[in-house]
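**Q** Build me a model:
(one chain, ligands or ions: 1)
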Amino acid sequence: MIHKENNITQIKSVLRQYLQENNLRNTPERYTILEEIYGMDHHFNVDDLYLVMMQKKYHVSKATIYNTIEIFLDAGLIRRHQFGEKTLSSSSYEKSYFDKQHDHLVIYKKDSGKEIAEIIEFCDPRIQGIKRSIEEAFGVNIDSHSLYFYGTKKEE
Ligand SMILES: [Zn+2]
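**A** Got it, this is the predicted structure:
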């Protein structure tokens, strides 16, 4: 728990520095939203985040959330995902500052007639190997990648 406290302090100082360097306003809402995101253990979209803020009686507009999300993305504090492949869905996000690199498996299933997607995170060291060989072959440094597998459960 103490560890977690330290983490959020560190995260907040990353944000503070980013806002300063980019001449952006240092508003308390931004820190509240950041803390909320770093308290979550799963992927979320803007609607989820808005709902959580409402339930906790923090009054922020959706516009503020959208705006803040863009700032966090640029500051490297969160990562954006597009989990929808079959259906056009809204972007999902997750905290990324301390996270180990991982990729995502999207499993489509029917839930009372409605199609939903279950997101599974996985980490396969072979992907690092692919990255290194691409770097060598093309003489580049790869900063990031995005990989999604989409599928359905096999029938038993
Ligand atoms: Zn993830």
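**Q** and for the helix ranked longest in the chain, what are the contacting residues?
**A** Of all segments of type helix in the chain, defined using DSSP state H, the longest is helix 2-21. With CB atoms under 8 Å, 6 or more residues apart in numbering as the contact definition, helix 2-21 has outside contacts at 24-26, 30-31, 34-35, 38, 71-72, 74-77, 97-98. In short, each C-beta sits where N, CA and C put it, glycine included.
**Q** got the residue ranges for the helices in the chain?
**A** Secondary structure of the chain by DSSP H: the helices cover 2-21, 28-38, 46-55, 62-74, 125-138.
**Q** and among those, the most buried is which?
**A** Among those, judged by mean count of other CB atoms under 10 Å, the one packed with the most neighbours on average is helix 28-38 (a mean of 18).
**Q** tell me the two of the contacts of helix 2-21 that are most distant?
**A** Maximum pairwise distance in the contacts of helix 2-21, criterion CB to CB, is 25.8 Å, between 25 and 98.
**Q** Nearest spatial neighbour of the residue nearest the centre of the chain, chain-adjacent residues omitted?
**A** Using CA atoms, centre = their mean, the residue of the chain that lies closest to the mean C-alpha position is residue 94, 1.9 Å off. Excluding the flanking residues, the one nearest residue 94 by CB to CB, 6 or more residues apart in numbering is residue 43, at 4.9 Å.
**Q** returning to what we had before: what's the mean pLDDT across the longest helix of the chain?
**A** Helix 2-21 shows a mean pLDDT of 85 in the predicted model.
**Q** Report the inter-axis angle for that helix versus helix 62-74.
**A** Interaxial angle of helix 2-21 relative to helix 62-74 (axes from the mean of the first three to the mean of the last three CA atoms, to 10 degrees): 100 degrees.
**Q** All set now, cheers.
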